[in-house]
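Chemist: turn this into a structure:
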Amino acid sequence: MNQADNMDAGVTGDAGYRDYLALFQRNGGTEESYLADHYRRFVVTLEEFRSTWNGNGGRVIDIGAHWLHQAVMWRQAGFDVTAVDLPGTFAEPSVRRLAQAMDIPLVPCPDLEHAAELAAIPDDSMDVVLFTEILEHITFNPIEFWRQVYRILAPGGRIVVTTPNYYSWKGRAWQFARYLSGNGGGIPVSQVLSTHTYGHHWREYSRKEVLRYFHLLSPDFVPFKARLMPSYMRSRVRWKSAVQWTLDRLPLLRPNLHIEIALPKKARGIVASASWG
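Modeler: Sure thing, here's the model as predicted:
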């Protein structure tokens, strides 16, 4: 299936998308195919968050910001955004130019496992942590990373996680008994925190597992929202689009998770521990 099959039939012709793309083009261009594929996700994630955000605090850190496609959208919505990603991405002139134009500080971070660069960010200085389409790619022990996130997130703040739903109609039940129990597949969440691997896109989660993931990290993390989201993109092929629409009517089989984890207060800190260095 090619990109044209996957692309929402209205994205490239949508005035909002065209205007958004033009902003990037004026600043040296961007990865247009990625933006087209993910534009709807960026829009839906922001709208879903704002639907229940009380508006108190607008300091956002986008971890895994790539070419600033999402960071710019939140900046346009009035948030003060700091972006974190690999140094190579932030070295691109177009990214640096856009960041300067939009007043988005860049934090190059070559090693997210230890996230030493986040140490320069003051305690309790962020209200929202965006961690979108990253969780499924983590192949290192994440505990030190989450210690940094916990430190910089202010009480009353939230972590916004989007990730594929393991129970999607597009997915597969690798372990049928666990599938039926709602516990996903692959290694259990308890082992995610103590197992070393270098696989890419190695671990998709169920909604239940993501909530357990943050519960194991800290009792201070409280689930605020855990939604199963329908397809962000619609196929141009009519029958495929109809199948997507039909299957998206079944909430448990929707392909995307949108989860918000609140930090009402800081009391216990990160309590998980790793079994390797």
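
Chemist: got any ranges where the stretch 1-150 of the chain has weak pLDDT?
Modeler: 1-10, 12-13 (pLDDT under 70).

Chemist: can you tell me the strand partners of the longest strand that the chain contains and which way each runs?
Modeler: Counting residues, the longest strand in the chain under DSSP state E turns out to be strand 153-164. Strand 153-164 has the following strand partners under DSSP bridges: strand 126-132 (parallel), strand 256-263 (antiparallel).

Chemist: which parts of that strand are buried?
Modeler: Of the residues in strand 153-164, 153-154, 157-164 count as buried by neighbour count, 16 or more other Cβ atoms under 10 Å. C-betas here are computed from N, CA, C, even on glycine.

Chemist: so what secondary structure elements neighbour the top helix by length along the chain?
Modeler: Here the longest helix in the chain is taken by residue count, with DSSP state H as the criterion, and it is helix 32-50. When contacts are defined as 3 or more Cβ pairs under 8 Å, 6 or more residues apart in numbering; DSSP states H and E, helix 32-50 packs onto helix 3-6, helix 15-26, helix 69-76, strand 126-132, strand 153-164, strand 222-229, strand 256-263.

Chemist: angle of the helix or strand that comes right after that helix against strand 153-164?
Modeler: Next helix or strand after helix 32-50 toward the C-terminus (DSSP states H and E): strand 59-63. The directions of strand 59-63 and strand 153-164 differ by 40 degrees, with axes from the mean of the first three to the mean of the last three Cα atoms, to 10 degrees as the criterion.

Chemist: next, name the residue at the spatial heart of this protein.
Modeler: Per Cα atoms, centre = their mean, the C-alpha nearest to the average position across the chain is that of residue 132, at 0.5 Å.

Chemist: a strand runs through residue 118, doesn't it?
Modeler: No: assigned with DSSP: H, G, I helix; E, B strand; the rest coil, residue 118 falls outside any strand and is helix.

Chemist: what sits against it?
Modeler: 84, 107, 109, 148-149, 152 (Cβ atoms under 8 Å, 6 or more residues apart in numbering).

Chemist: format those residues as a markdown table; extra columns: distance to residue 206, secondary structure and neighbour count.
Modeler: Output for those, formatted as a markdown table (distance: Cβ to Cβ, whole Å; DSSP: H, G, I helix; E, B strand; the rest coil; neighbours: other Cβ atoms under 10 Å):
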| residue | distance to residue 206 | secondary structure | neighbour count |
| --- | --- | --- | --- |
| 84 | 27 | strand | 23 |
| 107 | 31 | strand | 19 |
| 109 | 29 | coil | 21 |
| 148 | 26 | helix | 20 |
| 149 | 22 | helix | 22 |
| 152 | 28 | helix | 21 |
